[in-house]
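S.K.: Return a 3D structure for these sequence lines:
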Amino acid sequence: MEKVHLIAIGGSAMHNMALALNEKGFIVSGSDDEINEPSKSRLLKFNLLPKEIGWFPEKITKDISAVILGMHARADNPELIKAKELGLKIYSYPEYIYESTKDKTRIVIGGSHGKTTITAMILHVMHYHHIETDFLVGAQLTGFETMVNLTKTSKYAVIEGDEYLASPIDRRPKFHLYKPNIAVLSGIAWDHINVFPTFENYIEQFKIFIDLIEPNGNLIYCSNDKVLEEVCSSSSNTNISKWPYSIPNHEIINGLTYLIDNDIKYPLQIFGNHNLMNLTAAKLACNQMGINNQLFYEAIQSFTGAAKRLELVFKTGTFNFYKDFAHSPSKLKATTDAVKQQFPERKIIACMELHTFSSLTEDFLNEYKNSMNLADEAIVYYNPHTISHKKLKEISSEQVHTCFNRKDLIVFTKSEELTNYIKTKNFNNSVLLMMSSGNFDGVDFTMLANELKY
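M.R.: Numbering: from 1, shown residues only. Got it, this is the predicted structure:
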């Protein structure tokens, strides 16, 4: 029986990999110097939680067939050093995903935004129609036990292709390792500046990704994104078919979005131009797998969205509260615009957290200019301790004001002061939108919703 060891088993993708391999029948072990929830409970449930926290080179033995290295580990990790000494096969998790799916049709979804939603849409449709597939997705999805699934029998592998680095010893972007048969690119907006210091360097990663599409493969891309349009149309990979997409025909009636195709209206549980383009990308990918438009529309009507992607926290007849993963400038604009179009008669109160390395970097802050102008009221929160922890240069509230280019912007640096301010407002005929890749330093959104006035 195959034996696999995961270094940094507690990570979001890594612990899901452990669960998937355990389900596949492998003997799974792992280590980490920190394991938090929900990883801890999920590993414990399947008896995969390490007995002790830390790194233990004695766990690395000759009978291990594969060592999978998580991004959280360092290049001088003692277990990694031992694995090298023994000459064991060492994979980053994207390398291992490719190794497990190299004989399948790989559908890889890349882009600076919308990856998780498009992946979730494709998986929802396949699940609805009982089509077995391997997958890797960046969020826990309703109806799926894990974020990673690896089987011996499926024909397909649906993979969310993150552009961040593969591992501490493999500095390639993850999506360069998957070699798609069907590739989806949703857009290009500069991100991860600690790895890609210039926009040109960032764009280059997408050009390389396109060149890695398998011969006779397909490239599905958003033609509304002018940078992406130029990258895709000028690609030197001539052995692929290209499928541009845009915003589909639709209308909004009483706060509900309908997709229109051949004069038939399909009610959706999602909304916003960004999501509608994501839906079109998912449809084109499904078409390549033999799922026709009618079957796609039948399934997609019950799709409610991926976690924290315009996820509804609470609503009444006159108030909606959403949380969203948006944190980069392009995502802030797209998400705020979607809410504004869906609820044109309501006041939009948008609150975002500067949380990622890029967003807290002094030079990158200028990219946020005008990104929250569509909101009726805009609030920015950041924690100076997070900046210190990331070893970045301090930023001031005045800098944030200047960079966002909005005179009435409200800035908070303490989570409690932010929530207390929100609780003072009357949200009748309003939408509250809270956007972050974090959680505003521990805000319980459900509890907050119960304390609001509306």
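
S.K.: CA atoms for contacts and neighbours, from now on please.
M.R.: Noted.

S.K.: now the protein, which segments are flagged as low pLDDT?
M.R.: 357 (pLDDT under 70).

S.K.: ok, and the most centrally placed residue in the chain, which helix or strand is that part of?
M.R.: In the chain, the centroid-proximal residue (CA atoms, centre = their mean) is Thr116; its distance is 4.4 Å. Secondary structure from DSSP states H and E places Thr116 in helix 115-128.

S.K.: Show me what the very next helix or strand once past that helix is packed up against.
M.R.: The helix or strand immediately downstream of helix 115-128 is strand 133-136, counting by DSSP H and E. Packed against strand 133-136 by the contact rule (3 or more CA pairs under 8 Å, 6 or more residues apart in numbering; DSSP states H and E) you find strand 148-149, strand 156-160.

S.K.: Of those strands, which is nearest Ile253?
M.R.: Ile253 lies closest, by CA to CA, to one member of the helices and strands packed on strand 133-136: strand 156-160, at 32.5 Å.

S.K.: Give me the angle between that closest one and helix 115-128.
M.R.: 150 degrees (axes from the mean of the first three to the mean of the last three CA atoms, to 10 degrees).

S.K.: Distance from the chain centre to strand 156-160, please.
M.R.: 14 Å (CA atoms, centre = their mean, to the nearest Å).

S.K.: Give me the contact list for it.
M.R.: 101, 104-110, 115-116, 119, 122-123, 132-138 (CA atoms under 8 Å, 6 or more residues apart in numbering).

S.K.: Now for Leu150: which residues touch it?
M.R.: 20-21, 24, 100, 134-135.

S.K.: could these be laid out in CSV, adding distance to Ala449 and neighbour count?
M.R.: Below are the contacts of Leu150 laid out as CSV (distance: CA to CA, whole Å; neighbours: other CA atoms under 10 Å):
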residue, distance to Ala449, neighbour count
Ala20, 35, 21
Leu21, 39, 20
Lys24, 41, 13
Ser100, 43, 15
Asp134, 37, 24
Phe135, 34, 24
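
S.K.: picking that back up, do you know which of the helices and strands packed on strand 133-136 lies nearest Tyr93?
M.R.: Here strand 148-149 is closest among the helices and strands packed on strand 133-136 (CA to CA), at 10.7 Å.

S.K.: just how off-centre is the closest one within its chain?
M.R.: On CA atoms, centre = their mean, the centre of strand 148-149 falls 15 Å from the chain's centre.

S.K.: packing partners for that strand?
M.R.: Against strand 148-149 (3+ CA pairs under 8 Å, 6+ apart) you get helix 12-23, strand 133-136.

S.K.: a markdown table please, covering these and showing distance to Phe175.
M.R.: Putting these into a markdown table (distance: least, CA to CA, whole Å) gives the following:
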| stretch | distance to Phe175 |
| --- | --- |
| helix 12-23 | 14 |
| strand 133-136 | 12 |
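
S.K.: Could you check the ones you listed and tell me which one is nearest Leu360?
M.R.: Of all those, helix 12-23 comes closest under CA to CA, at 22.5 Å.

S.K.: for the closest one, packing partners?
M.R.: strand 27-31, helix 39-45, strand 148-149.

S.K.: Can you give me the buried ones in it?
M.R.: 12-22 (16 or more other CA atoms under 10 Å).

S.K.: With stretch 235-253 instead?
M.R.: 237, 240, 243-247, 250.

S.K.: and what of stretch 276-294?
M.R.: Those would be 276-286, 291, for stretch 276-294 by 16+ other CA under 10 Å.

S.K.: Narrow those to those in helices?
M.R.: Counting by DSSP state H, these place 276-286 in helices.

S.K.: Save the helices and strands packed on strand 133-136 as a markdown table, and put in distance to Thr386 and mean neighbour count too.
M.R.: Shown next, in a markdown table, are those (distance: least, CA to CA, whole Å; neighbours: other CA atoms under 10 Å):
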| stretch | distance to Thr386 | mean neighbour count |
| --- | --- | --- |
| strand 148-149 | 30 | 24 |
| strand 156-160 | 28 | 26 |
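
S.K.: out of the ones you listed, nearest to Gly317?
M.R.: strand 156-160 (35.8 Å).

S.K.: Tell me the strands beside the closest one, with direction?
M.R.: strand 105-110 (parallel), strand 133-136 (parallel) (DSSP bridges).

S.K.: just those: most buried one?
M.R.: strand 105-110 (a mean of 26; mean count of other CA atoms under 10 Å).

S.K.: List the contacts of that one.
M.R.: 115, 118-119, 155-163, 175, 178-186, 285.

S.K.: again, only using 6 Å
M.R.: Defining contact as CA atoms under 6 Å, 6 or more residues apart in numbering, one finds that strand 105-110 is touched by 115, 156-161, 180-185.

S.K.: Also stretch 112-120?
M.R.: 109, 138, 187-189, 278, 282, 306.

S.K.: Give me the distance from that stretch to the chain's centre.
M.R.: With CA atoms, centre = their mean, you get 6 Å for stretch 112-120.

S.K.: what does stretch 325-337 give?
M.R.: Worked out by CA atoms, centre = their mean, stretch 325-337 lies 13 Å from the chain centre.

S.K.: again with stretch 64-76
M.R.: That offset, for stretch 64-76, works out to 22 Å (CA atoms, centre = their mean).

S.K.: repeat for stretch 382-392
M.R.: Using CA atoms, centre = their mean, the offset of stretch 382-392 from its chain centre is 23 Å.

S.K.: on that earlier part again, which one of the helices and strands packed on strand 148-149 lies nearest to Leu256?
M.R.: strand 133-136 (30.5 Å).

S.K.: Nearest to Ser359 among the helices and strands packed on strand 148-149 would be which one?
M.R.: Using CA to CA, the helices and strands packed on strand 148-149 put helix 12-23 closest to Ser359, at 21.4 Å.
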